[in-house]
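K.L.:
give the three-dimensional model of this entry:
(2 chains)
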Amino acid sequence: MTKWYRENAPITAEQLADELMRLKRGSVTRRHFLGVTGLGLATAVLARQPGLFSSTAFAQDLGTQMSIATWPNYHDPATFEAFQAATGVAVEVNVFGSNEEMLAKLQAGGTGWDLFVPTNYTISTYVKLGLIDELDLSKLPNYDAATETARFTNEGVVDGKTYAVPKNWGTTGIALNSTKIKTPIASWKDFFEVAMTEADGRAMVHDYQLTTIGNALVSLGYSFNSTKPDELAKAEELLIKVKPHLYAINSDYQPSMRATDAWMTMCWTNDGAQLNRDMPEIQFVLGKDGGEIWSDFYAIPKSAANKAAGYALLNYLMKPENAVKEHIANGAPTTDSRVLKLLPADVTGNKIVYPDEASLTPLEFGAAVTLTDPGRAELMARFKSA
Amino acid sequence: MPVATNTKRNLVTAALVAPAAAWLMIFLVLPFIAMLVFAFGERAPEGGYQAAFTFAQFARLPTRAAAFWNTMVLAPVGALVCLLVAYPVAYYLAVKANPRYRLILVSLVVVPFWTSLLVRTYAWMYILGSRGIPNLLSMIGLEDVRLLNTPGAVLLGIVYGYLPLMIMPIYVSLEKLDRRLLEASADLGAKPVSTFFGVTLPLSLPGVMTGVALVTILLLGEYLIPQLLGGGKVFFIGNALVDLFLQSRNWPFGSAIAVTLVAVVVVILMVAMRIAFRVAGTRQVDLV
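P.N.:
Predicted coordinates:
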């Protein structure tokens, strides 16, 4: 599902004018436009105004448009506006609910993405399939491998070459509305039980094989990453039993949780932090029986049309000052010690964002095999169409 | 010079048909052939297509029985509910409405098309969600009513989205109706009700059949409404296809399902035509 990153926000006259400009830029070159409208002179004057036409220095190299593929609620819209003001490049944001969907789009070709956000376990496959480029680190002076936490960043390096640099790390836990659900929930076993009882018709699972199948496996006492046919069969049995009781199968669960249409959901750290910040009654818990710990990366598709802009945005996002703003807005923990130092205490002290090490112990990183395993892919598809 | 005239006529015909033929060849026939080839292939280890010749994909069709069933039930039911809602509206527009305002009223039917169906369906998500109708119901004591992500919500979305497509053909067939036939019927002593069932309804059947066929066929490929108003739980064939191509990356199985769907649509069309001809007697039925 692709959507403009602020399609839910009311559009202001200013933005409308912006859009109009972009439309014009897309269909004709600016030089042509200025020439035929006689606005060239006016532009020369306006160019002194910062933010209006300040793209003159970059425009030739970066173009006026780029596209990023990322996850729901994972960026501060202000970041992209600031990037556009600084470089003149408008960023189109495509939101995805699973790594499989991103892989499918890249395999089919013609995505138009110049930058995207894959999760740790997918990178080796992207490299193997030749879908991403080795990063030219000289174009990313703001990235510093020395300040990164190796545990979260090692999967970006394949055969000694850096293909992806880390964005954030996080976990997949359970978000629940405590005014609606009174049963204590501490594990994925509890999650699936309550989904069929107290939260009947009000629980959500991701539209994402890794977490939906993985957490079902965990609730049965198996590994999050299992591809054993007999264990997957048990997980399928559980999921199909739960399905009639679910509210929805969707990875963009924030709107439903905020509207209290849904009372409980599988939830990533950043969404958990955002929901809890705005609605304190929504709690975020990690399964004591297991679950996922992840790190997300930035990578540049081999097919990217505007790699220069992709690198420019990536370098912009790697700057600690910008990463801090993103962090405060999206609530996903950082892998970069430079960013950690700049964060306010209420963020670093937030147990949803930076949980105790002990609660992370039972969690597993996703394994590469789950991305391509036909058994898991077909199980998810069968579960959804059941 | 009859020969030359014939050649000329043939050339003109060819010139007129060529653009449409080329269009259909490139965008319908060739993709369909590709789909057929894929349907007999295998899923590549990392997803996608791998050349092979196997019927394995077709053998797995039963695993999507629920999606086929949802589609086969909700598409015709949706079309029939559409028909029940659309007929009185079309009848009013064509027969009862003041001719002076008729054009405006007919235009109003089409006005919703000025906004994208996506946006209008999103609006329904808010109306049916907890902050919408359930919120109003809670004021009269009905707590925690859930409307969104149910088959009923999908049916509502379908009827809402496709209603204008049903109204228009029925309106057109009713508007062509010769009023003198109604007068004759009345003169011969028929009550309004029997005039309606004996004259008006049979004469409007071509429009009804066109509307039902149009809406049913479009609904068989529906993806958006079940996705948004069904929460990914009320699954149509269209949703199963999107899933196979965009999540599990099983192009051959997706192609097999798509081929099957095309076959089903062709069979339905043929049966519908047969019925239409029978109902309408020997008269020409302009179906679709």
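
K.L.:
so residue A:312 is in which element?
P.N.:
Residue A:312 belongs to helix A:307-318 when elements are defined using DSSP states H and E.

K.L.:
centre of the chain to that helix, how far?
P.N.:
Relative to the mean C-alpha coordinate of its chain, helix A:307-318 is positioned 17 Å out (Cα atoms, centre = their mean, to the nearest Å).

K.L.:
now the element after it, going C-ward?
P.N.:
helix A:320-330.

K.L.:
list the buried residues of the helix or strand just after that next one.
P.N.:
Using DSSP H and E, the next helix or strand after helix A:320-330 towards the C-terminus is helix A:337-342. Of all the residues in helix A:337-342, those buried under the rule 16 or more other Cβ atoms under 10 Å in any protein chain shown are A:338-340, A:342. C-beta: built from backbone N, CA, C; applies to glycine.

K.L.:
buried sites along stretch A:191-210?
P.N.:
Under the neighbour-count criterion of 16+ other Cβ under 10 Å, stretch A:191-210 has A:191-196, A:198-199, A:201-210 buried.

K.L.:
narrow the residues you listed to those in helices?
P.N.:
In this view, the buried residues of stretch A:191-210 that belong to helices under DSSP state H are A:191-196, A:209-210.

K.L.:
I figured residue B:206 hits residue B:276, correct?
P.N.:
Yes: between residue B:206 and residue B:276 there is a contact under Cβ atoms under 8 Å: 7.5 Å.

K.L.:
if we can go back for a sec, restrict the buried residues of stretch A:191-210 to contacts with chain B.
P.N.:
Counting by Cβ under 8 Å from any Cβ of the partner chain, A:201-202, A:207, A:209 from these sit close to chain B.

K.L.:
closest one to residue A:382 out of those, please.
P.N.:
The shortest gap between residue A:382 and any of those belongs to residue A:209, at 11.0 Å (Cβ to Cβ).

K.L.:
that closest one - nearest residue in space that isn't next to it in sequence?
P.N.:
Counting by Cβ to Cβ, 6 or more residues apart in numbering or on different chains, residue A:209 lies nearest to residue A:380, which is 3.9 Å off, once chain neighbours are set aside.

K.L.:
so the one you found sits in a strand?
P.N.:
No: looking at residue A:380 with DSSP: H, G, I helix; E, B strand; the rest coil, it is helix, so not inside a strand.

K.L.:
so what pLDDT did it get?
P.N.:
On the pLDDT scale, residue A:380 is placed at 95.

K.L.:
check residue B:14 too.
P.N.:
Taking residue B:14 on its own, its pLDDT is 90.

K.L.:
one more: residue B:183?
P.N.:
At residue B:183, the model reports a pLDDT of 88.

K.L.:
before we move on, what about residue A:46?
P.N.:
So, for residue A:46, pLDDT stands at 41.

K.L.:
parallel or antiparallel, which strands does the lengthiest strand in chain A pair with?
P.N.:
In chain A, taking DSSP state E as the definition, the longest strand is strand A:165-177. Using DSSP bridges, strand A:165-177 pairs in its sheet with strand A:264-268 (antiparallel), strand A:282-285 (antiparallel), strand A:292-298 (antiparallel).

K.L.:
save those as CSV, and put in mean pLDDT too.
P.N.:
Output for the strands paired with strand A:165-177, formatted as CSV (pLDDT from 0 to 100):
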stretch, mean pLDDT
strand A:264-268, 98
strand A:282-285, 98
strand A:292-298, 97
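
K.L.:
pipe those into a markdown table and attach mean neighbour count per row.
P.N.:
Output for those, formatted as a markdown table (neighbours: other Cβ atoms under 10 Å in any protein chain shown):
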| stretch | mean neighbour count |
| --- | --- |
| strand A:264-268 | 29 |
| strand A:282-285 | 22 |
| strand A:292-298 | 24 |
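
K.L.:
so residue B:154 belongs to a helix, correct?
P.N.:
Yes: the assignment for residue B:154 is a helix, going by three-state DSSP.

K.L.:
that one: neighbour count?
P.N.:
25 (other Cβ atoms under 10 Å in any protein chain shown).

K.L.:
which one of the ones in helices among the buried residues of stretch A:191-210 is nearest to chain B?
P.N.:
Closest approach to chain B among those (Cβ to the nearest Cβ): residue A:209, at 7.4 Å.

K.L.:
so what's that closest one up against?
P.N.:
Applying Cβ atoms under 8 Å, 6 or more residues apart in numbering or on different chains to residue A:209 gives the contacts A:98, A:100, A:370, A:376-377, A:379-380, B:247-248.

K.L.:
roughly how far apart are it and residue A:69?
P.N.:
Distance, residue A:209 to residue A:69, using Cβ to Cβ, to the nearest Å: 18 Å.

K.L.:
how about the residues of chain A near chain B?
P.N.:
Residues of chain A lying close to chain B by Cβ under 8 Å from any Cβ are A:1, A:98, A:100-101, A:103-105, A:107-108, A:125, A:128-129, A:201-202, A:207, A:209, A:243, A:246-250, A:256, A:259-261, A:372, A:374, A:377-378, A:380-382, A:384-386.

K.L.:
those in helices, which ones?
P.N.:
If you go by DSSP H, those have A:100-101, A:103-105, A:107-108, A:125, A:128, A:209, A:256, A:372, A:374, A:377-378, A:380-382, A:384-385 in helices.

K.L.:
grab the nearest non-local neighbour of the residue in chain A that chain B sits nearest to.
P.N.:
Of all residues in chain A, residue A:248 sits closest to chain B, at 3.0 Å by Cβ to the nearest Cβ. Take residue A:248 and drop its neighbours on the chain: the residue closest to it by Cβ to Cβ, 6+ apart is residue B:231, 3.0 Å away.

K.L.:
need the pLDDT of the one you found.
P.N.:
89.

K.L.:
surely it meets residue A:251?
P.N.:
No: look at residue B:231 against residue A:251 with Cβ under 8 Å: they stay out of range, at 11.9 Å.

K.L.:
for the residue in the stretch 151-288 of chain B that chain A sits nearest to, phi and psi?
P.N.:
Going by Cβ to the nearest Cβ, chain A is nearest to residue B:231 of the stretch 151-288 of chain B, at 3.0 Å. Residue B:231 adopts backbone torsions of phi 60, psi 30, taken as degrees, to the nearest 10.

K.L.:
with residue A:258 as the reference, measure out to it.
P.N.:
15 Å.

K.L.:
buried ones in stretch A:326-339?
P.N.:
A:326-336, A:338-339.

K.L.:
make a markdown table out of these and add pLDDT.
P.N.:
Below are those laid out as a markdown table (pLDDT from 0 to 100):
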| residue | pLDDT |
| --- | --- |
| A:326 | 95 |
| A:327 | 95 |
| A:328 | 94 |
| A:329 | 93 |
| A:330 | 93 |
| A:331 | 94 |
| A:332 | 95 |
| A:333 | 96 |
| A:334 | 96 |
| A:335 | 96 |
| A:336 | 96 |
| A:338 | 96 |
| A:339 | 96 |
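
K.L.:
now those in a markdown table, with distance to residue B:188?
P.N.:
Formatted as a markdown table, those follow (distance: Cβ to Cβ, whole Å):
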| residue | distance to residue B:188 |
| --- | --- |
| A:326 | 80 |
| A:327 | 83 |
| A:328 | 82 |
| A:329 | 77 |
| A:330 | 76 |
| A:331 | 78 |
| A:332 | 79 |
| A:333 | 84 |
| A:334 | 86 |
| A:335 | 87 |
| A:336 | 89 |
| A:338 | 93 |
| A:339 | 88 |
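
K.L.:
look at residue A:354 and report its pLDDT.
P.N.:
Residue A:354 is assigned 97 on the pLDDT scale.

K.L.:
kindly report the same for the one 4 residues further on.
P.N.:
Reading off the per-residue confidence, residue A:358 sits at a pLDDT of 95.
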